[in-house]
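Engineer: model this:
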Amino acid sequence: MIAHYRNIYYSLFISLVIIFLYNTPGQAQDTSHIQTATSTEQSEIQWVSQWSFAENQNKALKYKIKDFIVGKKTLKQSRPVSVIATDPNSFWFLDQGNNEIFQVSDRLTIAHHFIDKKELPFSSLVGICNFHKNEILFTDSYLNKIFLVDTEKKELTDLNDTLKLNKPTGIAYSKISNEIWVLETGEHRIVILNDKGEIIKKIGMRGLEKGEFNFPTHIWIDKKGNAYVADAMNFRVQVFDKDGAVLSVFGSNGNSTGYFSSIKGIATDSNGNIYVADALFNAVQIFDLNGNFLYTFGSQGQGQGQFWMPSGIYIDDADKIYVADSYNSRIQVFQLIKEIKK
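Structural biologist: Take a look at the predicted model:
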């Protein structure tokens, strides 16, 4: 009986930590030596556009997306936490404010809801990634599930309804190995699955050593199959090769450029540089593979290129950068215009 209650309390503790990691209010970073992406024509990264759902929700939003696709449900304040692009004209994001998955298209200029989930209320949407053609995977850390979306058929299913995970958060798919890498935050490890959602391998445990984790939350896999993990409560990034061997570990806790405070989304550009969104710094910092700081963009605010608790980040093949600016209720889009070097 004692063990039973201990497991309940531990599960509750894990849930509270994940909530903290995704809901901590923003604080200002020491920006005295920061290069601002929109401040000069010589900037390596330039602001392109934004999709503000806070503005839309105060307007008609095409009659609140036709009364939430005839369901007459009122949209709440949007809080995007993760984002992916499926083609140059479309991106998808997970919205923790509405507990929904949405699509935004340049052709429609609106977000729209497409999944009837009356029997499956999402509770804690965290990670999203592209999968096979016309397919998307995303996680719900409270339901302990990975979901598969067929974007053509507009169908939602469990990837594997027999799969048992403890607080899955970040997720990424490797085209090199045809593997799904998911962060099992409740167990402080990476779980590697085949494309049917069956477990192949587990990497790590709770700890401070290389290959160990403390509440990992976001993951990205590049074209070579290397995996980049935001090891959140260890305030560092860990990089693994396609076989799970550690390539690089860098980062530590601090309140100035080059350090981490509340790391969230992670991605790489075509040059192999690593982009890390930090919610408490309200900025995205860029490092090389060895962890050398290169550049940063963003500051606290609501203007172009400013953030309020940024979360997920995605970089497409053209080096267009999508940032889920969570508490500003928007997705901001940037463009890398020249290679960033030390």
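Engineer: mind listing the helices in the chain by residue range?
Structural biologist: Remark: helices assigned in the chain by DSSP state H are 2-23, 53-57, 61-70.
Engineer: list the contacts for the nearest residue to Pro216 once chain neighbours are set aside?
Structural biologist: Spatial nearest neighbour of Pro216, excluding adjacent residues (CB to CB, 6 or more residues apart in numbering): Leu183 at 4.6 Å. The way it works is simple: take the backbone N, C-alpha and C, and place the C-beta from them, glycine included. Neighbouring residues of Leu183 by CB atoms under 8 Å, 6 or more residues apart in numbering: 127, 168-171, 189-191, 216-219, 229.
Engineer: Can you pick out the ones from these that are in strands?
Structural biologist: With strands taken from DSSP state E, the overlap with the contacts of Leu183 comprises 127, 168-171, 189-191, 216-219, 229.
Engineer: What is the neighbour count of the closest residue to Gly204 other than its chain neighbours?
Structural biologist: Closest residue to Gly204 apart from its sequence neighbours, by CB to CB, 6+ apart: Arg189 at 4.0 Å. Around Arg189 there are 19 other residues, counting by other CB atoms under 10 Å.
Engineer: Tell me which residues touch Arg189, please.
Structural biologist: With CB under 8 Å, 6+ apart, Arg189 has these contacts: Leu183, Lys202, Ile203, Gly204, Met205, Phe213, Pro216.
Engineer: now swap in Lys164 and tell me
Structural biologist: If a contact means CB under 8 Å, 6+ apart, then Lys164 has Asn144 as its contacts.
Engineer: ok, of the contacts of Leu183, which one's closest to Gln304?
Structural biologist: For the contacts of Leu183, the closest approach to Gln304 (CB to CB) belongs to His218, at 24.3 Å.
Engineer: wait, that closest one sits on Tyr275?
Structural biologist: No. Between His218 and Tyr275 there is no contact under CB atoms under 8 Å: 11.1 Å.
Engineer: what's the overlap in contacts for the two?
Structural biologist: Among the neighbours of His218, those also in contact with Tyr275 (CB under 8 Å, 6+ apart) are Gly265, Ile266.
Engineer: who does the closest residue to Gln50 other than its chain neighbours bridge with?
Structural biologist: In this structure, Gln50 finds its nearest non-sequential neighbour in Gln332, 4.7 Å apart by CB to CB, 6+ apart. Per DSSP bridges, the residues bridged to Gln332 are Gln50, Val323.
Engineer: quick one: Gln332 and Ser256, what's the gap?
Structural biologist: As judged by CB to CB, to the nearest Å, Gln332 and Ser256 stand 23 Å apart.
Engineer: Determine which member of the two has the greater number of neighbouring residues.
Structural biologist: Between Gln332 and Ser256, Gln332 has the larger neighbour count (other CB under 10 Å), namely 24 against 13.
Engineer: Tell me which residues touch that one, please.
Structural biologist: By CB under 8 Å, 6+ apart, Gln332 lies in contact with Trp47, Ser49, Gln50, Gln304, Gly305, Phe307, Tyr322, Val323, Asp325.
Engineer: For the contacts of Arg189, which PyMOL command selects only the ones that are buried?
Structural biologist: In PyMOL, this line selects whichever of those come out buried by 16 or more other CB atoms under 10 Å:
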select buried, resi 183+203+204+213+216
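Engineer: residues contacting the nearest residue to Ile136 once chain neighbours are set aside?
Structural biologist: Excluding its sequence neighbours, the residue lying closest to Ile136 (CB to CB, 6+ apart) is Val149, at 4.4 Å. Val149 makes contacts with Ile101, Ile115, Glu135, Ile136, Leu137, Phe138, Glu155, Leu156, as judged by CB under 8 Å, 6+ apart.
Engineer: which residues does Val149 bridge with?
Structural biologist: On the basis of DSSP bridges, Val149 is bridged to Ile136, Leu156.
Engineer: ok, it to Leu94 distance?
Structural biologist: Distance, Val149 to Leu94, using CB to CB: 11 Å.
Engineer: Give the residues shared as contacts by these two.
Structural biologist: Ile101, Phe138.
Engineer: what's the burial count for the residue nearest to Phe213 when sequence neighbours are not counted?
Structural biologist: The shortest distance from Phe213 to any non-neighbouring residue, by CB to CB, 6+ apart, is to His188 (4.4 Å). Neighbourhood size, His188 [other CB under 10 Å]: 22.
Engineer: Hmm, Gly211 and His188 touching each other?
Structural biologist: No. His188 is beyond contact range of Gly211, at 11.1 Å (criterion: CB under 8 Å).
Engineer: Identify the contacts common to these two.
Structural biologist: Common contact partners of His188 and Gly211 (CB under 8 Å, 6+ apart): Gly204.
Engineer: List the residues that contact Asn273.
Structural biologist: Ile286, Phe287, Asp288, Leu294, Ile340.
Engineer: Okay, the last one and Glu100: tell me how far apart.
Structural biologist: The one in question is Ile340. 35 Å.
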